[in-house]
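# predicted model, plus sequence, below.
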Amino acid sequence: MSGLELGIYSFPLVLLLIFLRLPIGLAMLLVGLGGSWIIMGSAVPILSRLKGETYSTFSSYSLSIIPLFLLMGQFATLGGMSQALFRASNAWLGHRKGGVAMSAVGACAGFGAICGSSLATAATMAQVALPELRRYGYSNALATGTLAAGGTLGVLIPPSVVLVIYAILAEQNIAKLFLAAFVPGILAAIGYMIVIAIYVRVSPGSAGSAERMPYRERFRALAEVWPVLIVFITVVGGIYAGIFTPTEAAAIGAAGTGLIAFVNGGLTRETLIQSILMTASATAMIFFIVFGAAIYNGFLALSQLPAEAALFITSQGYNPWMVLVGILIFYLILGCFMDSMSMILLTVPIFFPIVSVLDYGLGAEEFAIWFGILVLIVVEVGLITPPVGMNLFVINSMAKDIPIIQTYRGVTPFVASDIVRTVILTAFPAISLFMVRWLY
Amino acid sequence: ATTSTLAQEVTLRLHQFLPAQANVPAHVLDPWADKVESESGGRIKIERYPAMQLGGTPPQLIDQAQDGTVDIVWTLPGSTPGRFPSTEVFELPFMMTSAEATSRAYWDLFESHMKDGEFKDLQILAAWVHGPGVIHSRTPVEKMTDLQGMKVRAPTRVITALVSELGGTPVGMPIPAVTESLSKGVIDGAVTPWEVVPSLKVQELVSNHTEFGGDHALYTTTFVLAMNKAKYDSLPDDLKKVIDANSGQDVSALFGKTQEHYDAPGRELAVARKNNIITLSAEQVDEWKAAAEPVIANWVKEADGKGIKGQALLDEARALIDKYTAK
Amino acid sequence: MKRSAAIEWLARALAILGGLVLILITVLTVVSITGRAFVRQGLGPIPGDFELVEVMTAFAVFSFLPWCQLRGAHATVDVFTSFFPAGVNRVIDLITEILMTFAITLIGWRLWYGMTDKMRYNETTFILQFPVWWGFAAAMVAVGVAILVSFYMTFIRIQEVVAGQRQFGPAEGGHS
Ligand code: NA
Ligand code: NA
């Protein structure tokens, strides 16, 4: 069997194992190990790789943001901060149908502006917002769907690690790409809010509703948010001002929320241990997936499947728009199995030189920016398309009592809004380009 | 599956950490791999995996070659501090002159001191250094005090020591992480040669560049092109000859020279953006040299502790660099 | 084999230790940033703060693994299996646990060689220059516990298959 065939057959195998309720990370790890063994004709290379791979994955500085933000989420809950946040948003938006879910999307967008990772955004916001959404009477489907989709804002809204990598591979200007991504990122957030508005009208039972509050009450609720604001301003402001790294910001956020929780009397020996144990489960779960995906993606690279498939799409002699649509669909499918970074690393060097010479009526640089934005969006959609989507798994395993089928149902309208947005951005490149045209 | 009309006997996987279009992959490694393939009459195929596509982190490349996870890697001995202490002698401050001469000196010293020692578990095909190191920073560095409190990415242990001796706060990270870190403000500057500037977009992220006048550069970094030993030994004699013909001192010197050649286009990009390029005069550099002395003295002392005759190695390296620079 | 209080205590204690290390990271970061903010007053960041964060994160994550497994907290998809009879699900649990034990043992075995490599080559970190193998060794201890927990869970699942009845509640590591 050729490497290419092995790569292709590995997809249904991973799916099968996952549907047999094997942990996602384990399924990818086992298939990745076996596949690498067969391709290399010997177990030695993959065994050698394992000597350092777990340690380097778990000791990654950029991933260390995950446990720290998870811990911060726990402390924020203990200190009553996340409840205060949602009381405030409820006071202002709660009488509108779906208001609390919309403010959760807003919070994801705000978090996305500081964090470059979708998984971290989804995990953190799930911890803070999921209990509140459920407390305010939101259905499991809508609550988890909202947060899974909201999590993708972590990458869609700049800064975004994926765009940095794309900029390097396609030799483009990072600042311009970040600028270009800004409007589509905001559109994503607005699209998600529209989905919520429609969702709660079609299915009124899926969102609770509250009385319209008098403004005095609203401002009182808002006044209770000050600790959240201080932490948020420190964390976000510090990153934007270049005072500290996102990981440092997460550490400071955890320290700050921990301190507030302690002062409020929410942090005791008992609750500290509970917080740690919750953080422990979620952290290990996420890192195990990341590790399994790393091994599996290494195997896919060896199989040369992404490279060959990319070449296949671009060598069919289709017209430029067909090629573009083919590429976007390819990313949607591959997005089920690979993480955004690996996909971009393996395929952009092949796609980009080929599509950049096709005629889409744009200049070379404008095309590169527009293509980058489209790729960014479709690889992120892969995180929330059922049945295999990292964000779905992360959210769902943080609420073990919710069957994943409900999460699938809840996220589907959000996926639809992503696809509508992709079509709009494909049809009207100007949306992605006007900021760059305007400011440069 | 890809089928070839030629009898392809050996596939070698070449793994490295930069994108394929960066200077070293495009102008050093690719031409080299093409040449090996053609001189083997198509019997050797070199699959090229840029940007850590096969997984792992840049410091793991050396293990990947040694263990046979891949067959050939391009890497920095300095990315695994402590493992190849002798190579550090060329990274000491104000050692290197031209990349070509310094690479020749490095190869000589490799053959006499390292081949059967630190590198005995690897087949080293080439050993070279890059062009003069430059300081790229958000705020201008005109005198040493400007480095005070500045977070600077340093590629290797010796250069880390140098940055801290000069008053900066060194941050160790692999080169591909530099772009993201500069854009997020994780670091305020980086020391690299001009050549990597375009591929890392450094000229877009900082607007100040400090060059050092005089005969000797602030620093350089050592590289190796390393092959798995068992894989090399398993080659039939005629294919071994093809590899041998494409390794050694002349190849190393060519690699160094080629890499330095691409410093100029990198510098031009910064000039085109009207970035602030500061060139320190030879007199100004003397002050830096004096400040860097303790780094050298300390390295010699440490080397002695590791069973390397530090001073002797340093003297020999200097003599070799002088010899090849004079030519 | 009955459920063992000792093993469950060990996994829990290790996770808490990992959490305390995480809290140590936050303290270290706050101190380091404060130092950095007052560079002109003669303070400075903690040297090598990045590599300390890395080595401590690695230990924390490794020490969270056994707890995650014990609680059945790994991400899974139960779309189809929820329609399977309970007996089939118990067998699936057993097979999962065996595969997990295989994977964790493999990881531990390879990590051991990774550690001895780092010892042999005298590799150190960039700034603080402490031996890289120290980090591996700390992780190795946690992986040892993870292996122990894996075998323990496998025996529990065997017992469940044989007895036709769960020992874990849904919130602990069983599923509803
Ligand atoms: Na972001
Ligand atoms: Na998906």
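On my side now, so go ahead. Ligands and ions are numbered 1, 2, ... in the order given.

# which SS class is residue 100?
You didn't say which chain, so I picked chain A. Here A:Val100 is recorded as helix under DSSP: H, G, I helix; E, B strand; the rest coil.

# oops, wrong one, chain C.
Strictly by three-state DSSP, C:Met100 counts as helix.

# quick one: it and A:Gly25, what's the gap?
10 Å (C-beta to C-beta, to the nearest Å). Every residue, glycine included, has its C-beta placed from N, CA and C.

# of these two, which one has the most company?
The neighbour comparison of C:Met100 against A:Gly25 (other C-beta atoms under 10 Å in any protein chain shown) goes to A:Gly25, with 27 against 24.

# Validate this expectation: the more buried one resides in a helix.
Yes - under three-state DSSP, A:Gly25 falls within a helix.

# point out where chain C drops to low pLDDT.
C:1-2, C:169-176 (pLDDT under 70).

# what ranges do the helices span in it?
Secondary structure of chain C, counting by DSSP state H: helices at C:5-37, C:49-70, C:86-120, C:132-163.

# tell me the most buried of the ones you listed?
Among the helices of chain C, ranked by average contacts under mean count of other C-beta atoms under 10 Å in any protein chain shown, first place goes to helix C:49-70 (a mean of 27).

# that one packs against which elements?
helix A:44-58, helix A:65-78, helix A:269-303, strand B:169-172, helix C:5-37, helix C:86-120, helix C:132-163 (3 or more C-beta pairs under 8 Å, 6 or more residues apart in numbering or on different chains; DSSP states H and E).

# how about residue 124, nearest residue that isn't a chain neighbour?
As the question left the chain open, I've gone with chain A. Nearest non-adjacent residue to A:Thr124, counting by C-beta to C-beta, 6 or more residues apart in numbering or on different chains: A:Phe69, 4.4 Å away.

# correction: the question concerned chain C.
Nearest residue to C:Thr124, sequence neighbours excluded (C-beta to C-beta, 6+ apart): B:Gly82, at 4.2 Å.

# so that neighbour sits against C:Arg120, correct?
No - look at B:Gly82 against C:Arg120 with C-beta atoms under 8 Å: they stay out of range, at 10.9 Å.

# OK, contacts around the residue at the greatest distance from the centre of chain A?
Within chain A, A:Arg216 marks the point farthest from the mean C-alpha position, 36.9 Å out by C-alpha atoms, centre = their mean. Residues near A:Arg216 by C-beta atoms under 8 Å, 6 or more residues apart in numbering or on different chains: none.

# ok, A:Ile165 next?
With C-beta under 8 Å, 6+ apart, A:Ile165 has these contacts: A:341, A:344-345.

# swap in A:Gly266?
Contacts of A:Gly266 by C-beta under 8 Å, 6+ apart are A:78-80.

# quick check: the residue of chain C nearest chain B.
Going by C-beta to the nearest C-beta, chain B is nearest to C:Phe126 of chain C, at 3.2 Å.

# name the nearest residue to that residue, ignoring sequence neighbours.
In space, C:Phe126 is closest to B:Gly172, 3.2 Å off (C-beta to C-beta, 6+ apart).

# that neighbour reaches C:Asp49, doesn't it?
No - B:Gly172 lies out of contact with C:Asp49 (C-beta under 8 Å); the separation is 11.1 Å.

# the residue nearest to A:Thr124 and B:Ala51, how far apart?
Using C-beta to C-beta, one obtains 27 Å as the distance from A:Phe69 to B:Ala51.

# cool, A:Asn297 as well?
The gap separating A:Asn297 from B:Ala51 is 13 Å, by C-beta to C-beta.

# distance of A:Ile198 relative to chain B?
Separation of A:Ile198 from chain B (C-beta to the nearest C-beta, to the nearest Å): 37 Å.

# who touches the spatially most central residue of chain A in this structure?
Nearest to the mean C-alpha position of chain A, by C-alpha atoms, centre = their mean, lies A:Ser118 at 2.3 Å. By C-beta under 8 Å, 6+ apart, the contact list for A:Ser118 reads A:151-155, A:340, A:380, A:383, A:390-391.

# most neighbours, which of these?
Neighbour max across the contacts of A:Ser118 (other C-beta under 10 Å) = A:Gly151, 33 neighbours.

# surely that one touches A:Ala107?
No - A:Gly151 is beyond contact range of A:Ala107, at 11.2 Å (criterion: C-beta under 8 Å).
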